Structures are given as structure tokens and as C-alpha cells.
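**Student:** Model the following, please.
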Amino acid sequence: MAEDTVSDLLDACAAAAPDQQVVLPDGRASWPELRDLVRSDAAALLGLGVRPGDRVAVLLHGGLDAVRYWLAASAIGAITVPLTVRMREHEAAHLLGDAGPVLLLTTSEFLPLLDPHLPGAGTALRTVVVLDHTGPDAPTGVTGRDALAAAAARSSPDDLARARAAVRPDTPAIMLYTSGTTSQPRGCVHDHRSMTDEGAAVAERLGLTPDDRFWTPLPMFHCGGYDVALAALAGRCGFVHAGTFEPGRALDQLEAERCTVAFPAFETIWLPVLDHPTFGARDLSALRLVINVGAPERMRSMQARVPQAVQLSCLGMTESFGFCCMGAPDDPAEVRATTSGRPLRHMEAAVVDPGSGLPVPPGTPGEFRFRGTSRLAHYHRDPDTTAARIDAAGWFASGDQVVADDDGRLRFRSRLGDVLKVGGENVAAAEVEGFLSEHPAAGIVQVVGAPDARYGEVPCAFVELRDGHVASAALAEEMIAFCLGRISTYKVPRYVRFVEEFPMSGTKVQKFRLRDRIAGELAAAGVTEAPRPGRAPAATGTTPVPGTE
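**Tutor:** Just a heads-up that it's a prediction; the model follows:
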């Protein structure tokens, strides 16, 4: 059968892989069981007045409900708007105001955050369903889970059949908000074709079969969570989700569920798993593939920690619905460590001069641009940015700097804006981060520019230490010395600051907060020029980054 919509994909998987399961911390279901739940949930949404083109917001921790209601909304032509569980009051005001959902599914945990935005508060929101509440004593403006069954009963099978029949491949299906590291988050609208093609292409590249169980800890408000679910559907394999990430629980799940493919994606997630005290005693022998992103040095070291599994890298963003390029399992180890592979079958990639838009030859840095069926359709309520980022030929300007090798594999270098200008020399923050991350005490490293009267700006490294290491001025000097003589002097961090956690927006570090912190610290101390590397102490002890939640 044709799998042109998300519902088609679910039906096909339920028929072909009836014994495979969707597994989350709060429950599990076979694909046929999930299909039946989704049909009932879709009828409930119709009974609550949701119509094609309406937006349905979902504010839930990772659990089976987050999967059910995304699929249910898709089945009737509604647009799912996953909201980050990390948002605060001002973010809730922006996201709900911008998205304009007619219905919100959530739990009582989030009601204090949502109180100013409940129905009757002047928003488009008509209904709030609190899924952990039953009975008649729900707060004003909300209803409980028991209302869903009554709403489903109000919808006839014909209502559901008509709604589903109207869904087309180009029907909008989901609106994912970008992380907003430098600006207000924007809603990226993707249609059914974007999602089904992405799932099929990832399943093909990874060689997924019904014997696989695909695991991820990426939240269901991030494109990575949906990518894995769709690839599992297309590959007719199991989908295993970590829910709220915690390294020990993640290891429990990887081991108990005999996961074969893992997409931790970020070193901020995978390193705590690898460094967990029980990691060495765990049986992860079923694991055959791991997909990560990182500097070559870190990719090599992470591969060495899980030698039985082939580690790949990938390249993409919310606007490409996650994966745009991906390595191949049969690529040589060094190629897998140093590149993000080639475009998936439904996507095209180009490396161009960002000023002229003309292609640059292999080996020359340029801007990563892409087009294909998983490119976003548009930014929600932002036609100007949509037009500025997507040209007449359909190419999306990513703002990422990459290099292509002679075989068309791409390697990420940095964000075009994430380049320091040190005395007239360009310094890619990612290069310094990758090098310093090889220091035995370094966990996650983030490099930003610190203002400097002599050079304009100089590198400042914020470091989250690995377990067993204690922050000190001596350790900071040791890290600076680790770089001296091994990378160009102008690339060596002049300041090292230790943090207990990074300010995050979604899965991305908010570097502007780090820049503000070091600039404020230097201004308060009257420091206008950095000491030359190795000449003077250049660090303070461990402190949380201001604004970190």
C-alpha cells in the first residue's frame, strides 16, 4: 500500500510488524495496539471540535500519550505543536500566542505555567485536556481524560473516515519550534510527505529490519524524537524512547530492551551514559549502530568506548526535519568519525559561497544549503524569514559552514556566526571545542569570544568537567597549557571557566548567555586585555551559568 501520509505508515507497520512494540517508560504497545488507540484518540479530537488545519498543542513529558496524540492529530489533518517541557512563563506566552492552538493536551504539573493562557484568556485556545485528571472537579477551563471517551462517542466512524480521506501528502502535519538560541523560536511547518519520506530514507540508510529496536532519548518536542519514530515505522521495527533522560535509566532501557540502534545524537547525552559507574557491567551486545554528532576527536573516543557498534554521524536541523545527511554503516571508521555522510535519498545538498550563492569546490568551506521533500514548507506566520531563507529554486540557506570531500560527504565546521575574529584571524569555535575536549578532565566544552582591547576578542572556554575532577585555577591553567604548542596560539583559550551545567534551549547551548557572562565578569573586574597564554592564572572555580534553569 502507498504510504503517503503518517496514518498510512502506521497502518502498514501494524500489518507488517504486529509483534514489534512501542516502548516508553510509562507503557508499551504493539504497533496494532497503538493503531487502535490512535483511531480512538482521533475520534476524540474530532468530538472535541478539532478540524483539519487546526493546531493541537502537546505539552507532555516523554510517554505513550505524546506518541498517541501526535499520530491522532495527523490522522484527521490537524497540526501537532509539541511544546518544550522546559519552557517558562514568558516562553509559554510566546509559543501559545504564536502557534494559536485550539486544543492543548497536558498534565496537571503544567497548569500553573498555563494559567494565564487557559480558555477565556483572550487566546484561540478553546479546550485544555489534563490527561492525569478525571472527574468533575477539574479546574475552570480544563477537562480531564474521561472527557476523551465521551468525545470519541460523539464522532461517528464516517466522521473519522472523511477526515482521514481528506489528508494528502502536502497536508501540514507538525509544527516544530526551533530552539531559539539567539532569537524567539520560530515554528517550522512540515507536511505528511516530509515525515514519511524522512522515515523511509533513514530506515534505508541504516538498514532497519523488523529485528531492530531503535532507541532515542531525544524528547518528543524535538525533531530527533519524531525522526526515530518515523524510521521505526518505515523499517517495521521497534521504537524505544527514554522518556525523561537520566543516564542510569537509559542504560537500563538499552540493556533490557536489547536495543540494536541508538540515536543519542549529542555528547551532552551520550557521555553521561558512557561515564556512568555501571556502564562497564552492562550487556549492550545487541547494539549494532550508534548515531552521534561531535568533533572528530570526540567521535573517535566515543567509538572506542562501544567497539561492538558502528558509530555514524549526521547533519541536519529542524528545518530539514532532522536528518538531511547521514554516514553509511559500511564507510571506513575514519570517514565516519570525520564526516556526516551524504544526503539521504530524498534530499539534495550544496556547498556554496554564502555571499554569491555559487558552488565552491570540494575541500573549500562554504554554506550548507539543502532542498528536498523534508525541507520545511514555511515558517509559521513569518513569510519574510521564509522568503529570506528559501530561494526561488527551493534551496534553504542553513547558516552552517561545511566542507565537502571529493565523494560528496559533508563535514560540519561551525555556524557561520560561530566564528571568532581574533586579531583578524578566523577561529571556528567548533575546532577549539573539539581539541580541548580531548583533555582527560573535559566533559562538554563550549567556546565563545571574550572582548579584548588588543585582539578584538579572544577564545574563552566554558567546560563541564567529567566525574572525578575538581575545578581549580590550576586545572584551568593545565587546560590552557594542553593547547599551547599543539594548536595555533591565537586559537588557544585565554580564559577557562568551569560550569556545572549549561544554559540550554531545547538541545542547544545558548552561547549568547556564555558570552554575556564572560563579558560581564571582565567588565566588573576592569579587565580589558587578556594575559598571554601561560603567563598568568586565567580561571575561576565552578559556578552555575547565570540564567541556567
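**Student:** now this protein, which segments are flagged as low pLDDT?
**Tutor:** Within the chain, the segments meeting pLDDT under 70 span 1, 120-122, 134-141, 179-183, 424, 506-507, 534-549.
**Student:** Extract the C-alpha trace of the lengthiest helix in it and format it as PDB.
**Tutor:** Ordering each helix of the chain by length in residues (DSSP state H) puts helix 31-47 first. C-alpha atoms of helix 31-47 as PDB (Å, rounded to 0.1, in the frame of the first residue of the first chain):
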ATOM      1  CA  TRP A  31       2.000  -1.400  16.600                       C
ATOM      2  CA  PRO A  32      -1.500  -2.800  16.100                       C
ATOM      3  CA  GLU A  33      -2.500  -1.800  19.600                       C
ATOM      4  CA  LEU A  34      -1.100   1.700  19.100                       C
ATOM      5  CA  ARG A  35      -3.000   1.900  15.800                       C
ATOM      6  CA  ASP A  36      -6.300   1.100  17.600                       C
ATOM      7  CA  LEU A  37      -5.600   3.600  20.300                       C
ATOM      8  CA  VAL A  38      -4.800   6.300  17.800                       C
ATOM      9  CA  ARG A  39      -8.100   5.700  15.900                       C
ATOM     10  CA  SER A  40     -10.000   6.200  19.200                       C
ATOM     11  CA  ASP A  41      -7.900   9.300  20.000                       C
ATOM     12  CA  ALA A  42      -8.500  10.700  16.600                       C
ATOM     13  CA  ALA A  43     -12.300  10.300  17.100                       C
ATOM     14  CA  ALA A  44     -12.000  12.000  20.500                       C
ATOM     15  CA  LEU A  45     -10.200  15.000  18.900                       C
ATOM     16  CA  LEU A  46     -13.000  15.300  16.300                       C
ATOM     17  CA  GLY A  47     -15.500  15.100  19.100                       C
END
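**Student:** which of the residues in it are buried?
**Tutor:** 31-32, 34-35, 37-47 (16 or more other Cβ atoms under 10 Å). Bear in mind the C-beta positions are built from the backbone N, C-alpha and C, glycine included.
**Student:** who touches stretch 383-400?
**Tutor:** Contacts of stretch 383-400 with the rest of the structure, by Cβ atoms under 8 Å, 6 or more residues apart in numbering, involve 186, 315, 317, 319-320, 350, 354, 357, 367-371, 375-376, 378-379, 412-417.
**Student:** and if we set it to 6 Å?
**Tutor:** E319, F368, R369, F370, R371, R375, H378, Y379, L416 (Cβ atoms under 6 Å, 6 or more residues apart in numbering).
**Student:** Next: stretch 75-91.
**Tutor:** Counting by Cβ under 6 Å, 6+ apart, residues outside stretch 75-91 touching it are 7, 42, 46, 50, 52, 54-59, 61, 70, 73, 95, 99, 101, 163-164, 166-167, 171-172, 174-175, 220-221.
**Student:** do stretch 93-103 as well
**Tutor:** Residues contacting stretch 93-103 (Cβ under 6 Å, 6+ apart): 50, 54-57, 81, 83, 117, 124-127, 184.
**Student:** want to throw those into TSV with distance to K508, neighbour count and secondary structure?
**Tutor:** Below are the contacts of stretch 93-103 laid out as TSV (distance: Cβ to Cβ, whole Å; neighbours: other Cβ atoms under 10 Å; DSSP: H, G, I helix; E, B strand; the rest coil):
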residue	distance to K508	neighbour count	secondary structure
V50	31	25	coil
D54	29	19	coil
R55	24	24	strand
V56	25	27	strand
A57	21	26	strand
V81	19	28	strand
L83	17	24	coil
H117	25	22	helix
A124	28	14	coil
L125	28	23	coil
R126	33	16	coil
T127	32	20	strand
Q184	14	11	coil
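**Student:** Going by distance to G434, which of those wins?
**Tutor:** Comparing these against G434 with Cβ to Cβ places Q184 closest, at 30.0 Å.
**Student:** what about the residue lying closest to the closest one once chain neighbours are set aside, how many neighbours?
**Tutor:** Excluding its sequence neighbours, the residue lying closest to Q184 (Cβ to Cβ, 6 or more residues apart in numbering) is H94, at 5.9 Å. By the measure other Cβ atoms under 10 Å, the count of residues near H94 is 14.
**Student:** do P157 as well
**Tutor:** Neighbourhood size, P157 [other Cβ under 10 Å]: 9.
**Student:** ok, now A161?
**Tutor:** The tally of other residues near A161 (other Cβ under 10 Å) stands at 10.
**Student:** distance of it from V419?
**Tutor:** Distance, A161 to V419, by Cβ to Cβ, to the nearest Å: 54 Å.
**Student:** How about R486?
**Tutor:** Distance of R486 to V419, computed by Cβ to Cβ: 20 Å.
**Student:** again with P112
**Tutor:** Relative to V419, and taking Cβ to Cβ, P112 is found at 41 Å.
**Student:** And those two? Which one has more around it.
**Tutor:** V419 (18 against 9).
**Student:** Quick one: residues contacting the more buried one.
**Tutor:** Here V419 is in contact with N426, A428 (Cβ under 6 Å, 6+ apart).
**Student:** cutoff 10 Å now
**Tutor:** Residues near V419 by Cβ atoms under 10 Å, 6 or more residues apart in numbering: P365, Q401, R413, N426, V427, A428, A429, A430, E431, G449.
**Student:** So which of the residues you listed is the closest to I518?
**Tutor:** Using Cβ to Cβ, the contacts of V419 come closest to I518 at G449, 8.5 Å.
**Student:** Go ahead and confirm that closest one touches F462.
**Tutor:** No: under the criterion of Cβ atoms under 10 Å, G449 makes no contact with F462, lying 12.0 Å away.
**Student:** Overlap in contacts, the two.
**Tutor:** Joint contacts of G449 and F462 (Cβ under 10 Å, 6+ apart) are K511, L514, R515, I518.
**Student:** how does this protein divide into domains?
**Tutor:** 1-192, 419-525 (automatic domain parsing).
**Student:** Could you dump the ones you listed into TSV and include distance to I291?
**Tutor:** Output for the domains of the chain, formatted as TSV (distance: least, Cβ to Cβ, whole Å):
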stretch	distance to I291
domain 1-192	18
domain 419-525	14
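**Student:** Of all the ones you listed, which one is nearest V310?
**Tutor:** Of all the domains of the chain, it is domain 419-525 that lies closest to V310, at 20.9 Å by Cβ to Cβ.
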